[in-house]
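Undergrad: My questions concern the predicted model and sequence given below.
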Amino acid sequence: MRGGPALALALLAMTGPALADPAPQAAPLRVLSMNLCTDQLAMLVAAPGQLVSVSHMARDPLVSAMVAEAGALPVNHGQAEDILRYRPDLVLASVYSAPVTLDMLRRLGIPVAVFPPENDMEGIRDNLRLMGEVLGREAEAGAIIDRFDADLAALAAVPPSGRRAALYAANGYTLGRGSLADAILSAAGLSNVAAELGLAQGGVLPLERLVMARPDLIVTSQPYPGGSRAEEILSHPALRALTAEAGAEAVSDSDWVCGTPHVLRAVARLAGGAS
């Protein structure tokens, strides 16, 4: 089992002396998830009836890859009062979840498992393993990892295209080296222009720099309903001219937001379009 800082951080968040969460001795029977990404990991791994609630975001098709599964579960909005009514014996959260809420749950004696973000394919494996551990479903999590690895290996059998791709979203936001999106591009045989330009994680890529970089593919996100000034840059004449020359791929954000095996749908789509 791979350790590494991400898994160590998650385990410390659950059991470290600073947080003093009681470690459950048996598999929890009533598990609540208050974060979109732990929602999906839990829905993949949990036993029938073990998961009693997921966050309301799990039902949003713009960001959730498991809307149908979430539709069968009650939802919560991440507030302590909302969570307590489900009487959970374990709460699943993210490092980005509200600290005040997590502290209150701990003071009430409710164990909280805090998961780090997944920034690469190994991070997906780590969090699946961790979910298996906290739910008492190690074998089921291991089987999911095995399928994930087999599917990833099948996609990796396609030779890299050598093409350069640029992720470009509202406000000119992009994702560079060390991000899950960068790992998805790499798995699809594409190099990331943002990483090439020295951007790490996320940040704004000025349109002028994007045009000068002349990528072979522009990867954009699905637009949200209604108008938005933040998205106006995506219809800029310079970007339209660049995409007309290089080509564009509109991706489903739901396959990219969280590190789950569903990222392979994004990999397959990009690999097909990059050949």
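TA: Now that the structure is in, tell me what you want to look at.

Undergrad: Let me know whether L167 touches L197 as I believe.
TA: No - applying C-beta atoms under 8 Å, one finds L167 not in contact with L197, separated by 11.8 Å. Placement of C-beta: from N, CA and C, glycine included.

Undergrad: Of those two, give the one with the bigger neighbour count.
TA: Comparing L167 with L197 by other C-beta atoms under 10 Å, the one with more neighbours is L167, at 27 against 17.

Undergrad: Now that one. Its backbone dihedrals?
TA: phi -80, psi 130 (degrees, to the nearest 10).

Undergrad: Next: the one 5 residues further on.
TA: In this entry, G172 is assigned phi and psi values of phi 70, psi 20 (degrees, to the nearest 10).

Undergrad: Please apply the same query to the one 10 residues further on.
TA: Comment: the main-chain dihedrals of D182 come out as phi -60, psi -40, following degrees, to the nearest 10.

Undergrad: State the number of residues packed around it.
TA: Around D182 there are 24 residues (other C-beta under 10 Å).

Undergrad: before we move on, what about R125?
TA: Quick note: R125 (other C-beta under 10 Å) scores 23 neighbours.

Undergrad: just checking, it touches F148?
TA: Yes - here R125 lies in contact with F148, judged by C-beta under 8 Å, at a distance of 7.2 Å.

Undergrad: Return the residues in contact with the closest residue in space to H77 that isn't next to it in sequence.
TA: Excluding its sequence neighbours, the residue lying closest to H77 (C-beta to C-beta, 6 or more residues apart in numbering) is H56, at 5.5 Å. Listed by C-beta atoms under 8 Å, 6 or more residues apart in numbering, the contact partners of H56 are V75, N76, H77.

Undergrad: Show the pLDDT at the last one.
TA: H77 carries a pLDDT value of 96.

Undergrad: hang on, the earlier thing: may I ask which of the contacts of H56 has the most neighbours?
TA: Most surrounded of these: other C-beta under 10 Å gives N76, at 24 neighbours.

Undergrad: Ramachandran coordinates for that one?
TA: phi -130, psi 160.
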